[in-house]
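**Q** I'll drop the sequence and a predicted model, then ask my questions.
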Amino acid sequence: EADLPYTGLAKVGEESGGGYIEISPKQDLGAAFAQVDDELHSQYVLGFVPPKPDGKVHDLDVRVVSQKGMKPRGRKNYVAPKE
């Protein structure tokens, strides 16, 4: 990550459950768009109701079991609403 010119964007993408693709002037733009397209067509959305409306930050951990080649992305935490 140290060689990326905008490491802050990569961190924001990771922390928010998204992604970041750095494209250099010599790289194939079509391949980058194909990668994004592939990810968008093979995603799932999970949801839940926080068990306790306490207004606090809680950690999240999303895992994929027994699926080689799959990489889960998701937020690292959430803030539960207050009652």
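**A** Thanks, I have it.

**Q** who does the helix or strand in which residue 58 is found pair up with?
**A** Applying DSSP states H and E as the criterion places residue 58 in strand 57-59. Here strand 57-59 has these sheet partners by DSSP bridges: strand 77-79 (antiparallel).

**Q** contacts for the strand it pairs with?
**A** 50, 55-60 (CB atoms under 8 Å, 6 or more residues apart in numbering). The way it works is simple: take the backbone N, C-alpha and C, and place the C-beta from them, glycine included.

**Q** Same check on stretch 48-55?
**A** Applying CB under 8 Å, 6+ apart, the external contacts of stretch 48-55 come out as 58, 78-83.

**Q** Now it: buried residues?
**A** Residues of stretch 48-55 classed as buried: none (neighbour count, 16 or more other CB atoms under 10 Å).

**Q** now do the same end-to-end measure for it.
**A** In stretch 48-55, first residue to last residue: 16 Å (CA to CA, to the nearest Å).

**Q** what about it, average pLDDT?
**A** For stretch 48-55, the mean pLDDT works out to 88.

**Q** Low-confidence ranges, this protein, go.
**A** 1-7 (pLDDT under 70).

**Q** please redo it, this time with the cut-off set to 80
**A** Applying pLDDT under 80 to the chain picks out residues 1-7, 24, 66-71, 83.

**Q** Have a look at this structure and report its longest helix.
**A** Longest helix in the chain by number of residues (criterion: DSSP state H): helix 29-40.

**Q** what's next to it, contact-wise?
**A** So helix 29-40 is contacted by 19, 21, 23 (CB under 8 Å, 6+ apart).

**Q** quick one, helices of this protein?
**A** Under DSSP H, the chain gives helices at 7-15, 29-40.

**Q** Highest mean neighbour count out of those?
**A** helix 7-15 (a mean of 13; mean count of other CB atoms under 10 Å).
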